[in-house]
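Asker: only geometry, no sequence info:
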């Protein structure tokens, strides 16, 4: 009984310390993760703001061209 | 006349023992708690029904050839069901609040003291005649303090299968009782002023950070605590499926259809362990008592750790969020929010409490791994 109790006490102590050490390591890893992820994410966040406009202008021009061509083709066929 | 006797002997009435009748009443009580009181109905309903089925005389549900026997052997003996559930839980978990405030990880660690203190308590209970818990039994009982059903079932199936029924029932019942058990302890350990502390808004967490996090957790676990990798690994797989954004179908299946199907079978299999010979013992009473102690100690140590952190922190910390360190996601976080609102009408702590809450899930999985390594 006495021996079992002291064994349980040791498990309690080692267990609690291990949980803390492990989660502290994870805490440090999260710090690194944040730094690593942050450097990558600021760059693409700014870029898209300009890009979409240029893209829509380009697609608009293409679309107008396509519609114009279609209208011309229709008129030619139906005269 | 002889035929009449044969027929009589094949009815349940003749074969009933009073223990079986009592266990059926226990099953009915679980059904009542699930349906009427809405105590963790997803689990307690199939568990209660399984308990009734398992105790039908002559039907042989739990003997080789019976369906509950096979469900148990396939799902719990092998440890497959709790792990599949854990994958689903991973797919449902948003680590955003934890990543935004990583310090709350320590609150999830502190609350695990409930587990280890209960291990000690279970062994101390051996001083009372009638109790004979081995170290394995004590570890399996202690994990109730992790407030995490699948973890408790997984560990019990590894360490002490004969106590599994009582441990699972205690774990899920107490998880349902979190709103009743926790608030008095939280109020006892904090002042009105501490409870109304406002915390700073959490930062936005980027997608890349969320994707890399489960991988980082898995990496650390496989290096330092391989015995925890079944639980942590499945959890991280589910979480990665959620955050990766490229396998939405798999993520949805893991957190809906798959987890629902497994829950039905898990409940039935746990119910099948509620047989009279295994459940109607003094040890069950001990397990129920120890479970309540485990929850209370976990809550208290979480709150005390949060008070300690608040003392050294530059940004304000409301000590209530420490109580969410016992997992029980998301119930514990909701309780924190409610107690916080009682103290300060406009103080919403829910998102702040979600950090320690998911940290508690990781913490109890880690604690389970440690127990497996030490006494398994």
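Answerer: Cool, the structure landed. Since this is a predicted model, take the numbers as computed values, not measurements.
Asker: what are the ranges of the helices in the stretch 101-250 of chain B?
Answerer: B:105-110, B:113-124, B:135-142, B:149-159, B:164-176, B:178-189, B:192-195, B:207-224, B:229-244, B:248-255 (DSSP state H, counting those that start in this stretch).
Asker: please disregard the earlier target; I meant chain A.
Answerer: A:2-77 (DSSP state H).
Asker: run through chain A and note the low-pLDDT ranges.
Answerer: Scanning chain A with the threshold set as pLDDT under 70 gives A:39-58, A:79.
Asker: what does it have sitting close to chain B?
Answerer: Those residues of chain A that sit near chain B, judged by C-beta under 8 Å from any C-beta of the partner chain, are A:1, A:4-5, A:7-9, A:11-12, A:14-16, A:18-20, A:22-27, A:29-31, A:33-34, A:36-38, A:40-41. Bear in mind the C-beta positions are built from the backbone N, C-alpha and C, glycine included.
Asker: now do 6 Å
Answerer: A:4-5, A:8, A:11-12, A:15-16, A:18-20, A:22-23, A:25-27, A:29-30, A:33, A:37, A:40-41 (C-beta under 6 Å from any C-beta of the partner chain).
Asker: now restrict those residues to buried residues only.
Answerer: Neighbour counting with 16 or more other C-beta atoms under 10 Å in any protein chain shown marks A:8, A:11-12, A:15-16, A:18-20, A:22-23, A:26-27, A:29-30, A:33, A:37 as buried within those.
Asker: among those residues, which pair sits farthest apart?
Answerer: The span of these, defined through C-beta to C-beta, is set by A:8 and A:37 at 42.0 Å.
Asker: hang on, isn't residue B:136 packed against residue B:160?
Answerer: Yes - using C-beta atoms under 6 Å, residue B:136 makes contact with residue B:160 at a distance of 5.1 Å.
Asker: looking at these two, which has the bigger crowd around it?
Answerer: residue B:160 (21 against 18; other C-beta atoms under 10 Å in any protein chain shown).
Asker: what pLDDT does the model give the more buried one?
Answerer: You'll see residue B:160 listed with a pLDDT of 95.
Asker: please apply the same query to the one 10 residues further on.
Answerer: Reported pLDDT at residue B:170 in the predicted model: 94.
Asker: same question for the one 3 residues further on.
Answerer: Looking at residue B:173, its pLDDT reads 90.
Asker: residue B:26 versus that one, what's the distance?
Answerer: 12 Å (C-beta to C-beta, to the nearest Å).
Asker: look up how far residue B:292 lies from residue B:321.
Answerer: Distance from residue B:321 to residue B:292, by C-beta to C-beta: 22 Å.
Asker: more crowded one of those two?
Answerer: residue B:321 (32 against 17).
Asker: so what's the nearest residue to that one once chain neighbours are set aside up against?
Answerer: Setting aside the residues directly before and after it, residue B:321 is nearest to residue B:353 in space (C-beta to C-beta, 6 or more residues apart in numbering or on different chains), at 4.7 Å. With contact set as C-beta atoms under 6 Å, 6 or more residues apart in numbering or on different chains, residue B:353 has these partners: B:321, B:324, B:333, B:336.
Asker: any idea which of the residues you listed is closest to residue B:85?
Answerer: residue B:333 (19.5 Å).
Asker: correct me, but the closest one touches residue B:354?
Answerer: Yes - using C-beta under 6 Å, residue B:333 is in contact with residue B:354, at 5.1 Å.
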